[in-house]
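**Q** I would like to see how this sequence folds:
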Amino acid sequence: MQEADKVFAGSIPENYDRYMAPLIFDPYAADLAQRAASISPSAVLETAAGTGVVTRALAPKLSRGASYVVTDLNQPMLDYAASRQAPDSRIKWRQADALVLPFENESFDLVCCQFGAMFFPDRVSGYREAKRVLKPGGHFLFSVWDRIEENEFADDVTNALAEIFPDDPPRFLARTPHGYHDIALIRRELEDAGFSNVAIETKAEQSWASSPRLPAVAYCQGTVLRNEIEARNAGSLQAATDHVASAIADKHGRGEVAAKIQAHVILAAV
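**A** A predicted model of the protein is given here:
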């Protein structure tokens, strides 16, 4: 992962939440929230919360007496998440690095993280931190995307952009969001961090959009991919988005479009 892969700022948080959340994140957020609620945690920590997609799904499922600390490394993303969340005295928002958590040992029953571990520069350190702040018997619940070839729109976008920038194709999606998909590696790194009970489920869902332009805008303007496009040609964002939309239309049709998405959901117990 490159340092620039972590820069979610400017208009990216709003576009990320507006376009990416319904396109690919909402189905997995609902699933993660259901799994988390089934554990009946009284103290929850969410890391790499982004724009709060999981927070909005999980908060209504927690007990009235539960505490819920929501964190992200990027303050602009966390600010946007807080602005979207209904008032809730159980929730505390805090900027925090998942690799150096500012919490005491054995503070939480559950640590959850949706599609954030891929961005950790040292995943074993991040996993050790999750284990450190978990109480005995606690759980670490998180998800990561499967390989890009199993996630059609992301693959379509990457291939279309390679046509525009053949000498230096933007590879953010393949490199980072879809770059941590090896189940054996995930299990080994969790075990290296001290987790001994690890369950991994590969879960496929469908991504739906009202038109091929929506996933084009979502990926090109609502993720860090935007930075890569603009770094290659400062005035090319709109043309690149148009090209990607045309490529998706050619493959999936010009009306409502659907494509496969796939992720790994991991539950590790202390």
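**Q** count of residues packed around residue 204?
**A** By other CB atoms under 10 Å, 11 other residues sit near residue 204. From N, CA and C alone the C-beta is placed, and that goes for glycine too.
**Q** quick one: secondary structure of it?
**A** strand (DSSP: H, G, I helix; E, B strand; the rest coil).
**Q** list the residues that contact the nearest residue to it once chain neighbours are set aside.
**A** In this structure, residue 204 finds its nearest non-sequential neighbour in residue 262, 4.6 Å apart by CB to CB, 6 or more residues apart in numbering. By CB atoms under 8 Å, 6 or more residues apart in numbering, the contact list for residue 262 reads 145, 146, 150, 151, 202, 203, 204, 205.
**Q** the helix or strand residue 262 falls within pairs with which strands, parallel or anti?
**A** Applying DSSP states H and E as the criterion places residue 262 in strand 257-269. Note on strand 257-269: by DSSP bridges, its sheet partners are strand 134-145 (antiparallel), strand 197-209 (antiparallel).
**Q** how about those in CSV, adding mean pLDDT and distance to residue 111?
**A** Formatted as CSV, the strands paired with strand 257-269 follow (pLDDT from 0 to 100; distance: least, CB to CB, whole Å):
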stretch, mean pLDDT, distance to residue 111
strand 134-145, 98, 5
strand 197-209, 97, 14
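**Q** among the ones you listed, which is nearest residue 73?
**A** The closest of the strands paired with strand 257-269 to residue 73 is strand 134-145. By CB to CB, the value is 15.1 Å.
**Q** run the chain-centre distance for that closest one.
**A** Averaging C-alpha positions (CA atoms, centre = their mean, to the nearest Å) puts strand 134-145 15 Å from its chain's average.
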